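> Give me a model of this one.
(2 chains)
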Number of protein chains: 2
Amino acid sequence: MIVAEFSELDIEMNETDQKAERMNHSAAHIMAEAVLCLFPEAKFGIGPTIESGFYYDFELSRALTPDDLPLIEGKMREIIAKNEPFVAEELGKDEARRLFADQPYKLELIDEIPDASVTVYRQGSFTDLCRGPHLDRTGEVKEFKLTHVAGAYWRGDEKRPMLQRIYGVAFGSRDEIDEYLWRQAETARRDHRRLGRELDLFSTHEEIGPGLICWHPKGAVIRQIIEDFWKAEHIRRGYDVVYTPHIAKVDLWKTSGHWEFYREFLFSPMEIEGHQYMLRPMNCLGHIMIYKSELRSYRNLPLRYAELGTVYRYERTGVLYGLARVRGFTQDDAHIFCRPDQVEDELAGVLSFVQFMMSSLGFKEYDIFLSTRPDKYAGTIPMWEEATGRLRGALERLALAYEVDPGEGVFYGPKIDVKLKDALGHEWQGPTIQVDFNLPQRFGVCYIGEDGSEHAAVMIHRVVLGAMERLLACLTEHYGGAFPVWLSPVQAVIIPIADRHVGYAHEIESDLREEGIRAWVDDRPQRMNMKIREAQLEKAPYMLVVGDKEMASSSVSLRLRTGEDMGLESVAAVRSRIRSAIEAKS
Amino acid sequence: MIVAEFSELDIEMNETDQKAERMNHSAAHIMAEAVLCLFPEAKFGIGPTIESGFYYDFELSRALTPDDLPLIEGKMREIIAKNEPFVAEELGKDEARRLFADQPYKLELIDEIPDASVTVYRQGSFTDLCRGPHLDRTGEVKEFKLTHVAGAYWRGDEKRPMLQRIYGVAFGSRDEIDEYLWRQAETARRDHRRLGRELDLFSTHEEIGPGLICWHPKGAVIRQIIEDFWKAEHIRRGYDVVYTPHIAKVDLWKTSGHWEFYREFLFSPMEIEGHQYMLRPMNCLGHIMIYKSELRSYRNLPLRYAELGTVYRYERTGVLYGLARVRGFTQDDAHIFCRPDQVEDELAGVLSFVQFMMSSLGFKEYDIFLSTRPDKYAGTIPMWEEATGRLRGALERLALAYEVDPGEGVFYGPKIDVKLKDALGHEWQGPTIQVDFNLPQRFGVCYIGEDGSEHAAVMIHRVVLGAMERLLACLTEHYGGAFPVWLSPVQAVIIPIADRHVGYAHEIESDLREEGIRAWVDDRPQRMNMKIREAQLEKAPYMLVVGDKEMASSSVSLRLRTGEDMGLESVAAVRSRIRSAIEAKS
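You can find the predicted model right below:
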């Protein structure tokens, strides 16, 4: 299930290379042939590749069960063993219609192809409507696995028939499938929804509503530490922290263009004394109001307003996903108001801030995308071109490699998106930097220049982390829940061997807490081994076991969450070991 | 104007004693007599005392102007000089009707009095319908002042005639009126709305909506420092910080009783996918959901969840007032879930926490009120009695004096209200502690007891500061904007005498900033004296003037915001002086 959810979720994987794509696509045809052998009456839908393999949709006389998969796999192996070639053929549409006369879904597809002819691919006696490309022969599919079955409406339309979708993956070697299976298991093990429950980090509640997160104490500790770190770094870099309201009159969002261009993500308005108000989907307008509360001079710029601002955006229930896609989230937002001549310096400053934050959180790899003008946009094309040029300029100045993501900008401006790679190579939407000539114009955001007259300011919107919710999801999966010491909700569990050691355990606890270390004594009546097992499940980085020997020598027996046994260590040494790990953010 | 707004606002003043009340009430009659002399056709409304003096409403042949007040005051002085006695008389209603035959408002009042007879008070030839009491003679009014005129609908009903209201104050001595006038000026000088603008602390915007606060960088610094201090203290005292959403399904608020008992303060619902959602007016329900996400044992209790939670409550535009009465505010909220046997310990802990916070913020005086069951309430009377008893018990255990405020509890439970006194003696709603047997029952909030069966938990709702918005208002007025050093948005302004001292000024700035001191160099092209004046207006605690002499000796000329000149002081000494002031929170 994970596989499908990931692909549906658009958490993008590494790009599958073309070889893997041909491999999977060919396996889909082989599977279709195998299904036809076992279910001669089968009607075929479509069988594309996806990020994580392939699927094919079928209409069958009965519902498939997991037991059917080994049978289909067996048939596939026979077809592979025959090592038949994949042969492409171009047919006139009428000829194709005759060929697929008993395949209503294929006929529907043929009707929709605008060209006069269509391509089909044949292996052995099986022919499918297909653009290709494929492998040369069936025998090149070395390893494959059918993973699961799900229902899927024909063309995703709930008014059309429900077909049965079989998912699978194919590989060119044993090593690849082994890695795939390991990655599958690892992805499931690291799933932040599962770890979120196991580590007691967060919850959602049907009573509150889907996509609205309750941060439990242990998740909130991580958030707080990151927020404190974030604030200190912002102050150091010349930002001012501000707070602005979560609601505002709808008219404000009409002026900004959100009402026109961003409507699908807006919550429905509330009425107060005859005025319509709305939950904010973004933090920018509050910052604009603060900027505009005074006349600004060219000497005052840049002004950098930062806010850990919670925003609310409507997403369909069906696409909500743990902490990664939600309806309410806190952006680590900032808006920089500057003169045109300051834009590139500011952008460069933001990009290096992003690099610093990513490395502080332990992300070594990320991809950078430049997202350009979408179909629905505000402002003029020259504005967009200038803004896009500024972003390019900053990327080039820092010699950062990037790809263009056409049409993925926000309605008010182009943006740089940074996608973090977690330990398994999954990509997560992270920092974003936008240049905006648009809102300043709509709101008359200006400054008095050296010449004494008014000039339009430029606005840079940016998040250096993204959303606190998604960040926790990403960190959880990146570290598999074993957070670096500075972020660990529980840093040290002190485990007394017998009741007579409880007092000593509490002394150590106070000692460590004095140093700001999150330590606690597990003085429950359970046995020591069980406590160690539980501390390990909780992924506490340090376990301090104390008994007679330890008490006598003012020390502890130190275990790491890796299972490593560090032997006897003095309390002072453990304390400074933990403090150093915290300070190093390691 | 300030006077009226304060009293209308319900920011309660010191109780006026009965003497002052009789003084003001008598002055109102004297003023009425004076008005009758000058406007023989006047029709009289009512003339009560208010917290800050008295007023009388009149229907007159023309609009009053400020120039009329000295004329009326002159007439009043004549009446006072006559030293007429105030004489009470009881009249039958018919006789009273004859007496007030040409006074339609008085006739309306007489009709509404249920008794067979009414009381009138007479001084000289002037008689008024009045319950008294009054002074013995007009000459006892030693000092008075008419402060301003305003329009007021008869009986506050906009469909009835608009009368003219004259406000005044009266005193028994010159000293009292001097103090009154000083206090008036001081209240105006400290008004947080005025200082909020002057010190650039916050703003509201018609475009966003009234009662919704934008915290500017300098206001936000104060809030951040208090929030950080608040969080550290909570962690030290065994609280866990959590975060919960600002919206939830309306059904949740129906279960809690807010929909039934608290409706007038709720914002109108929004619709999402067929469900109604609402902005939260309180943070409790999110905390209940976190509590209920796991089975809790008696061993886990108490659990203390703290959140700096922004809530939204509807208030009429007319009653909104700066930061003191708003529509969106952040409560420093916490909910303690505990066993019945833990309630009093927890309450005592909260009360001492409140005392600690108040003294840290520099409030030496406060009054404590025990607010009991309101007219609209949830739960049973025995529940209310038990909860009220627990609050009483805790107050008595700490030997804290308190008054009972009947009917002022929240619908789900009684509460302790702490009202802070600012430097002028104005009272501000501050910390609140509530005991709640009600919501735990409505939501099935329970724990597994030592006996293995389910027991209802008790919930304590509490804020140890109140709302961050009101706190900033109160701190601003308490300190008249000259915040203690640890809270000052700008702690040190470094003022170079000439351009050649700017480099040295920046060195000092870096040095102080390294130590976490909020210092900046005023390197604008203005003259030194003007910079000193501006730093003083900004109420920066330390001004560091640097010129040749200072550069040569690695020192600064230190000025305090009090105007005190501390002479030459080494940079190291200034740095440690400021650090000590910050640490002492002085």
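> Stretch A:221-235 close to chain B?
Yes. Stretch A:221-235 lies within reach of chain B by CB under 8 Å from any CB of the partner chain, at A:221, A:223-224, A:228, A:231. All C-beta atoms are positioned from the backbone trio N, CA, C, and that covers glycine.
> what comes up buried for that stretch?
A:221-227, A:229-231, A:233-235 (16 or more other CB atoms under 10 Å in any protein chain shown).
> Now intersect those residues with the helices, please.
A:221-227, A:229-231, A:233-235 (DSSP state H).
> quick one on the thing from earlier: make TSV out of the buried residues of stretch A:221-235 and add distance to A:Leu295 and pLDDT.
Compiled in TSV, the buried residues of stretch A:221-235 are given as follows (distance: CB to CB, whole Å; pLDDT from 0 to 100):
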residue	distance to A:Leu295	pLDDT
A:Val221	43	98
A:Ile222	42	98
A:Arg223	37	98
A:Gln224	37	97
A:Ile225	39	97
A:Ile226	36	98
A:Glu227	33	98
A:Phe229	35	97
A:Trp230	31	98
A:Lys231	28	97
A:Glu233	30	96
A:His234	25	97
A:Ile235	25	95
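> just to revisit the earlier point, now the ones in helices among the buried residues of stretch A:221-235 as a markdown table including distance to A:Ala552?
Output for these, formatted as a markdown table (distance: CB to CB, whole Å):
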| residue | distance to A:Ala552 |
| --- | --- |
| A:Val221 | 34 |
| A:Ile222 | 37 |
| A:Arg223 | 41 |
| A:Gln224 | 38 |
| A:Ile225 | 36 |
| A:Ile226 | 41 |
| A:Glu227 | 43 |
| A:Phe229 | 40 |
| A:Trp230 | 45 |
| A:Lys231 | 45 |
| A:Glu233 | 45 |
| A:His234 | 49 |
| A:Ile235 | 47 |
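> Show me which of those is closest to A:Ser555.
A:Val221 (27.7 Å; CB to CB).
> The closest one contacts A:Pro489, doesn't it?
Yes. The pair A:Val221 / A:Pro489 is scored as a contact, 4.6 Å apart, by CB atoms under 8 Å.
> other SSEs contacting the helix or strand containing A:Leu391?
Taking DSSP states H and E as the definition, one finds A:Leu391 inside helix A:381-397. Applying 3 or more CB pairs under 8 Å, 6 or more residues apart in numbering or on different chains; DSSP states H and E, one finds that helix A:381-397 makes contact with helix A:343-360, strand A:366-371, strand A:415-421, strand A:427-436.
> Taking the centroid of chain A, which residue is nearest it?
A:Trp428 (3.4 Å; CA atoms, centre = their mean).
> picking that back up, chain B is nearest to which of the helices and strands packed on helix A:381-397?
The closest of those to chain B is helix A:343-360. By CB to the nearest CB, the value is 17.5 Å.
> Alpha carbons only: can I get that closest one in PDB?
Output of helix A:343-360 as PDB, limited to C-alpha atoms (Å, rounded to 0.1, in the frame of the first residue of the first chain):
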ATOM      1  CA  VAL A 343      17.300  41.900  -4.400                       C
ATOM      2  CA  GLU A 344      20.200  39.800  -5.400                       C
ATOM      3  CA  ASP A 345      22.200  40.300  -2.200                       C
ATOM      4  CA  GLU A 346      19.100  39.400  -0.300                       C
ATOM      5  CA  LEU A 347      18.400  36.300  -2.400                       C
ATOM      6  CA  ALA A 348      22.000  35.100  -2.000                       C
ATOM      7  CA  GLY A 349      21.700  35.700   1.800                       C
ATOM      8  CA  VAL A 350      18.500  33.600   1.900                       C
ATOM      9  CA  LEU A 351      20.100  30.800  -0.200                       C
ATOM     10  CA  SER A 352      23.100  30.600   2.100                       C
ATOM     11  CA  PHE A 353      20.700  30.600   5.100                       C
ATOM     12  CA  VAL A 354      18.800  27.700   3.500                       C
ATOM     13  CA  GLN A 355      22.100  25.800   3.100                       C
ATOM     14  CA  PHE A 356      23.000  26.500   6.700                       C
ATOM     15  CA  MET A 357      19.600  25.300   8.000                       C
ATOM     16  CA  MET A 358      19.600  22.100   5.900                       C
ATOM     17  CA  SER A 359      23.000  21.100   7.100                       C
ATOM     18  CA  SER A 360      22.200  21.900  10.700                       C
END
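> now that helix, how far from the centre of its chain.
Relative to its parent chain, helix A:343-360 has a centroid offset of 21 Å by CA atoms, centre = their mean, to the nearest Å.
> in that helix, what's buried?
A:343-344, A:346-347, A:349-351, A:353-355, A:357-358.
> for the helix or strand harbouring A:Glu507, which positions count as buried?
Assessed by DSSP H and E, A:Glu507 sits inside helix A:502-514. Neighbour-count burial for helix A:502-514 flags A:502, A:504-505, A:507-509, A:512 (criterion: 16+ other CB under 10 Å).
> and which of those is nearest to B:His461?
Distances from B:His461 to these, taken by CB to CB, are shortest for A:Glu509, at 29.5 Å.
> Pull the contacting residues for the closest one.
Taking CB atoms under 8 Å, 6 or more residues apart in numbering or on different chains, we find A:Glu509 in contact with A:494, A:519-521.
> Out of those, which is nearest to A:His275?
The closest of those, once distances to A:His275 are taken by CB to CB, is A:Trp520, at 50.1 Å.
> follow-up on the earlier one: would you format the helices and strands packed on helix A:381-397 as a markdown table with mean pLDDT and distance to chain B included?
Below are the helices and strands packed on helix A:381-397 laid out as a markdown table (pLDDT from 0 to 100; distance: least, CB to the nearest CB, whole Å):
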| stretch | mean pLDDT | distance to chain B |
| --- | --- | --- |
| helix A:343-360 | 95 | 17 |
| strand A:366-371 | 95 | 26 |
| strand A:415-421 | 95 | 22 |
| strand A:427-436 | 94 | 18 |
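> Next, format the ones you listed as TSV and append distance to B:Val574.
Shown next, in TSV, are these (distance: least, CB to CB, whole Å):
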stretch	distance to B:Val574
helix A:343-360	31
strand A:366-371	44
strand A:415-421	43
strand A:427-436	39
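> Out of the ones you listed, which gets nearest to B:Ala401?
Across the helices and strands packed on helix A:381-397, B:Ala401 has its closest neighbour in helix A:343-360 (51.6 Å, CB to CB).
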